[in-house]
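1. Build me a model:
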Amino acid sequence: MAVPSNPSLSEVAIEFGVSAPYSLTDFYRGGPNVPNIPANSGVPTSGAISLSQLAGAEASLPPDVTPNAVNWANISGAETASNANQTINGIDTAITLRIEYTATGAPAAILGASINGGAFNNVNSGNTITVNNGDTVRFQVVAFGTAGSVSGTVTVINQSDGDATLDTFTYSVSTVGIGP
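-> Purely as a prediction, here's the structure:
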């Protein structure tokens, strides 16, 4: 929500969660009650302040959808291989990650993602997963079919942060083939 146009002092106090007694000087931008965010750019940081300057101001900060850096290791091995867990930290709301990957080579390959140690779920290129702060994510590649090796690149894209690339890693997995 936002402070309505032509607000009363009590409407301002409600928006910012301030209990009585309060005065206009409790509502300077960047102070303990009014965050210094773009929506509040018209609110003074000191000096004279009026109710009209608080119209449109908001108490909530926009959600933080940019996690701390992660670095999934490259994947290599025979038949089935995975990388280590990476913990998603630094966000305060769920984010959507899009997984894109390439594959070249003779055997078929399936990419899977595991969240918080759960089962690996197949992820087609372009599919998304949703993660929360503190979730751990791990990837696995399974190669099957004809003998040979399959390799490629996996890119993890944060759709919630303007399609920012979160990480890119490679994989190379081989198989001896199935059947006689």
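
2. For the residue most central in space within the chain, give me phi and psi.
-> Geometric centre of the chain, nearest residue: residue 95, 3.7 Å, by C-alpha atoms, centre = their mean. Backbone torsions of residue 95, given as degrees, to the nearest 10, read phi -120, psi 160.

3. just residue 43 next, same as before
-> Main-chain dihedrals, residue 43, degrees, to the nearest 10: phi -90, psi 130.

4. Nearest residue to it in space, ignoring adjacent ones along the chain?
-> Once flanking residues are discounted, residue 43 sits nearest to residue 29: 4.0 Å by C-beta to C-beta, 6 or more residues apart in numbering. Every residue, glycine included, has its C-beta placed from N, CA and C.

5. Give me the sheet partners of the worst-scoring helix or strand of the chain on mean pLDDT and which way each runs.
-> Using mean pLDDT, DSSP states H and E, strand 104-105 stands out as the lowest-scoring helix or strand of the chain, at a mean of 90. Strand 104-105 sits in its sheet next to strand 148-158 (antiparallel), going by DSSP bridges.

6. residues in contact with the strand it pairs with?
-> 65-67, 70, 72, 95-109, 111, 139, 141, 143, 163-175, 177 (C-beta atoms under 8 Å, 6 or more residues apart in numbering).
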